[in-house]
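K.L.:
here are the coordinates; sequence isn't available:
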């Protein structure tokens, strides 16, 4: 005789088991960011500043590489090949970001995600974040200034090459004299967005080649589209001024490039990556409580 008793075992799945891999991985990435951010915010001020100085120097080499390659193309083939010059320049530009990330130095624009998550999670304070932002920015500017000044010392033995200097002058005049405030700001939003996206994506891997690929994609996008990055732009403009460009002054740099670029970078990184990723993780956790 068939047993009509039904099995009363509860086969209902725990809602937490239904969390998608994407949601789970995003939460884990955020935890890693909080842990790293807490460590970054607890360092001595001298270490923060030195990391900033080294990053400012290293990223300048990327700008110099792009200028040397683009300048060489234009010098050899003429202004009609400006598009090709921009592409090959963008291909080598990420060298500076590779130096910064793999060398564990620190750009101001890298600090819109990792340390910010630590403050959001109440593992540190906003004053500590402001201290980090201030010291890394000051360090970046000092580093960029040091390299720009050294390169300007009579251009010993053609270093940097004449065509590289000419291209830097062109780029600096475009950034300061041709781009208006609004264009500089909105261009900077995209640069800050991309750099912070790079920081987020780097949390997904410990593989060096994967990191280089991520860095290269972001650096290529920034340079090819001429998105404003506050430290990169500063290095190019300072190299131009130190090389004798009389059309650009420090006040013009601050007003037309530095201020709109730093504001745009911060909004791009903090809003379009950090805030949105935080909301996404927060929503997924609330949904499966």
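P.N.:
Done, it's in. This one's a predicted model, so the numbers in the text were calculated from it and none came from an experiment. Numbering: from 1, shown residues only.

K.L.:
so residue 103 sits against residue 59, correct?
P.N.:
No. Contact between residue 103 and residue 59 fails when scored by C-beta atoms under 8 Å: they sit 10.5 Å apart. Heads up, the C-betas are built off the backbone N, CA and C, glycines and all.

K.L.:
can you list the residues that contact stretch 100-111?
P.N.:
Residues from elsewhere that reach stretch 100-111 (C-beta atoms under 8 Å, 6 or more residues apart in numbering): 40, 48, 51-52, 54-56, 58-59, 99, 129, 132-133, 136-137, 139-140, 191-192, 195-196, 199, 202, 208, 211-212, 215, 229-231, 265, 269.

K.L.:
not counting sequence-adjacent ones, nearest residue to residue 135?
P.N.:
Ranked by C-beta to C-beta, 6 or more residues apart in numbering and with sequence neighbours excluded, the top spatial neighbour of residue 135 is residue 48, at 4.2 Å.

K.L.:
past the helix or strand the one you found falls within, which element shows up next along the chain?
P.N.:
Assigned by DSSP states H and E, residue 48 belongs to helix 45-77. Counting by DSSP H and E, the next helix or strand C-terminal to helix 45-77 is helix 82-92.

K.L.:
show me what that following helix is packed against.
P.N.:
Using 3 or more C-beta pairs under 8 Å, 6 or more residues apart in numbering; DSSP states H and E, the elements in contact with helix 82-92 are helix 45-77, helix 208-224.

K.L.:
got the buried residues for it?
P.N.:
85-87, 89-92 (16 or more other C-beta atoms under 10 Å).

K.L.:
quick check, central residue of the protein?
P.N.:
Taking C-alpha atoms, centre = their mean, the centroid of the chain lies closest to residue 195, which sits 3.1 Å from it.

K.L.:
flag the shaky bits of the stretch 1-150 of the chain, pLDDT-wise.
P.N.:
1-24 (pLDDT under 70).

K.L.:
list the residues that contact the residue nearest to residue 135.
P.N.:
106, 131-132, 135-136, 139.

K.L.:
looking at the helices and strands packed on helix 82-92, which is nearest to residue 259?
P.N.:
Taking C-beta to C-beta, helix 45-77 is the member of these nearest to residue 259, at 18.3 Å.

K.L.:
for stretch 138-151, give me every contacting residue.
P.N.:
48-61, 64, 106-108, 159-160, 231, 234-235, 238-239, 241-243.

K.L.:
give me the buried subset of those residues.
P.N.:
By 16+ other C-beta under 10 Å, these give 48-61, 64, 106-108, 160, 231, 234-235, 238-239, 241-243 as buried.

K.L.:
tell me which stretches of the protein form helices.
P.N.:
With DSSP state H as the criterion, the chain has helices at 21-41, 45-77, 82-92, 95-102, 114-120, 126-152, 162-173, 181-202, 208-224, 230-242, 250-253, 259-269, 276-287.

K.L.:
what about residue 251, how many neighbours?
P.N.:
8 (other C-beta atoms under 10 Å).

K.L.:
separation between it and residue 148?
P.N.:
17 Å (C-beta to C-beta, to the nearest Å).
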